[in-house]
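In: A predicted structure for the sequence below; I have some questions about it.
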Amino acid sequence: MGAIAVIGAQWGDEAKGKIVHHLCRRARMCVRFNGGANAGHTVEDARGTARLHLVPCGALYPGCQGVIGHGVTVDPWVLTDELGGILAQGRSHPELLLSERAHLVLPHHRLEEEREGVAERLGTTRRGVGPCYADRAARRGLRLADLADERRVREHLRAARVAGDGFDPEQVVEDLLRFRERFAAHIGDARAAIAGALERGEGVVFEGAQGTLLDLDFGTYPYATSSTTTVHGIGWGTGISTARVERVLGVTKAYTTRVGEGPFPTEERGEIGDRLRTAGREYGATTGRPRRCGWLDLVALRYAHAVNAFTELALTKLDVLSGLREIRVAVGYRIGGQRVTGFPPRAEDLARAEPIYEVLRGWEEDIAGIRDYERLPSAARHFVRFVEAQVGVSVTFIGTGPGEEAIIVRGRR
Ligand code: IMP
C-alpha cells in the first residue's frame, strides 16, 4: 500500500477523517504531522460518533498504530480526555506512539492566546496552539522528552510565571508527571518508527489537519493557523521525506466552508449559505461555531493542487448539494476590474475578489448513501467531471453521506 498523504484542499473541515478512516482499514500506521487539538476529526461508524482532536483517526482500527509526529502540539489534558471518551464508547485502547520531540501545549498557552487578542482578531480555536508553536520557534518550549526530567518541568512552569492566572503550577507539574507515567512506553522516536514501517512495505497514512488555505505560508496569512498544513508538513512534522509518499490525496468538499475570520470570496451569507450549513451540519467539531458556507472555489482548488501536487482528489459531501436547482462553481476572480486566475498572496486582495461563476445543473434526487458512481444522477456526474477537468486531477473518492459506508470508491482503493 505504501505511503498516502491525505491533505485538506480548502480551509479545513473537508471531511478528511472519513477518507483517512477508510484508507486505514488496511494500513499499519496513521500519522499526524501538524496542528494539535485545534483539529476536529469526526468518525461515524457502528460504535457511534467519535470526535477526535489529537488521536489519529486510523488508530480506531485495532492493528493500526496512531503516530503523533513532532510537528504536532500535544495537549496532554485533551489527549487524556479523548482517550477516556474512546474507551467509554467500548472501543479498544488505541495503540499510540508520540514523538519525544513534540512540544507540549500548557495551560498558559491558552491564556496567552486570549490575553494578546489573537483569538478574537483571527477567530482561532482558542486551544493554545499558536502560542505553543511560538514558544517552539523562540526556543523556550517544553517537549515530551523533557517530562523525564522532573526538575526541568518544575523550572519550566516556574519560569512561565503564570501563577495567579487561574491555574496552579504545582498541579500542572503533577498532571504532567502523571501523564508521563502513563505514556512513558509510548513516547519515542516517531521518525524512526515510520521509516521502519515504510522499509517493511507497510501501509502508512499521513493524516493532515486543517487545510491548504490555512497553511502558515501558503494560506490566507495572517488568517491562518500556525503550522504547515500542506503535503510539505510531512517532512516538517515527521522527518520523513515527501519523496517517499506515493499518493497525495487532496480532500475538498463539493462546496466551501470556513471557520474564523479571513477572506472567503465564494461565501454565501443568505439562503444558500443557510441551506448548506443545515444540510451539511456545518458546525465546528472543536468549537461548535457555525461555519461560513459558500460555493466551490476552483481558483483555490487549482492553487491547492499547485502547492501539493495531488495525485487524486476526494470530493466529499456531494449529497449536501442535492435539491439545488443550480450549482455555482467559481472558475476565476475579478480583482479591481481585472480578471485573475491565480490565488493572490495577500488576504487584502483576496477580500476584494469577486468570483466569476460557471452555473451547473443541479439534481433533485437524494443521493445519500450511494456507493456506485453509475447510480449518481447525470447532473451529479457532470459536476464531478467538471471539477476533474478544471483541476486536472481524477476524483477517486466521493462522499455521499456522514456514515463511513457512504462513499463511492473509483479506480484506486
Ligand atoms: P488556530 O489554529 O486555533 O490558531 O486558528 C487559526 C485559524 O485556523 C482560525 O481561523 C481557525 O478557525 C482555523 N482552524 C484551526 N483548526 C481548524 C480546523 O480543524 N478546521 C477548520 N478551521 C480550523
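Out: Noted; the coordinates are in hand. Numbers count the residues shown, from 1 in each chain.
In: For this structure, which residues are neighbours of the ligand?
Out: Residues of the chain that fall close to the ligand, judged by CB under 6 Å from any ligand atom: 11-13, 38-40, 122-125, 127, 129-130, 209-210, 214, 223, 225-226, 259-260. Every residue, glycine included, has its C-beta placed from N, CA and C.
In: ok, how many other residues are close to residue 179?
Out: Residue 179: 19 surrounding residues under other CB atoms under 10 Å.
In: For it, identify the helix or strand it belongs to.
Out: Under the criterion of DSSP states H and E, residue 179 resides in helix 169-183.
In: Off-centre distance for that helix?
Out: What separates the centre of helix 169-183 from the centre of its chain is 28 Å, taken as CA atoms, centre = their mean, to the nearest Å.
In: who touches it?
Out: Under the contact criterion CB atoms under 8 Å, 6 or more residues apart in numbering, helix 169-183 has outside partners 76-77, 79-80, 96, 98, 104, 106-107, 147-148, 150, 153-154, 157-158, 160, 162-163, 187.
In: Which ones among the residues you listed map onto strands?
Out: Here DSSP state E is the test, and these give 96, 98, 104, 187 as lying in strands.
In: Looking at this structure, which residue is nearest the ligand?
Out: The ligand sits closest to residue 260 of the chain, with a gap of 2.3 Å, by CB to the nearest ligand atom.
In: So for the closest residue to that residue other than its chain neighbours, what's the pLDDT?
Out: Closest residue to residue 260 apart from its sequence neighbours, by CB to CB, 6 or more residues apart in numbering: residue 123 at 3.0 Å. With respect to pLDDT, residue 123 has a value of 91.
In: what number of residues lie near residue 123?
Out: The tally of other residues near residue 123 (other CB under 10 Å) stands at 17.
In: Tell me which residues touch it, please.
Out: Applying CB under 8 Å, 6+ apart, the residues near residue 123 are 223, 259-262.
In: Quick check: the farthest pair among those?
Out: Longest distance between any two of these is 10.7 Å, between 223 and 259; criterion CB to CB.
In: Against residue 96, how distant is the residue nearest to residue 260?
Out: Distance of residue 123 to residue 96, given as CB to CB, to the nearest Å: 31 Å.
In: any idea how far residue 345 is from the residue nearest to residue 261 when sequence neighbours are not counted?
Out: Among residues not flanking residue 261 along the chain, residue 123 sits closest, at 4.1 Å (CB to CB, 6+ apart). Distance of residue 123 to residue 345, given as CB to CB: 21 Å.
In: and if you look at residue 378?
Out: Per CB to CB, residue 378 is found 39 Å from residue 345.
In: just residue 89 next, same as before
Out: In terms of CB to CB, residue 89 sits 44 Å off from residue 345.
In: what does residue 41 give?
Out: The gap separating residue 41 from residue 345 is 29 Å, by CB to CB.
In: These two: who's more crowded?
Out: Higher neighbour count among residue 41 and residue 345: residue 41, with 24 against 11, using other CB under 10 Å.
In: so residue 361 bridges to which residues?
Out: Counting by DSSP bridges, residue 361 is bridged to residue 326.
In: Is it correct that it is in contact with residue 326?
Out: Yes - at 6.6 Å, residue 361 counts as touching residue 326 under the criterion of CB atoms under 8 Å.
In: So the two - more neighbours on which side?
Out: A direct count of neighbours by other CB under 10 Å for residue 361 and residue 326 places residue 361 higher, at 14 against 10.
In: And the pLDDT for residue 162?
Out: For residue 162, the model assigns a pLDDT of 63.
In: what's the answer for the one 5 residues further on, then?
Out: The confidence metric pLDDT takes the value 76 at residue 167.
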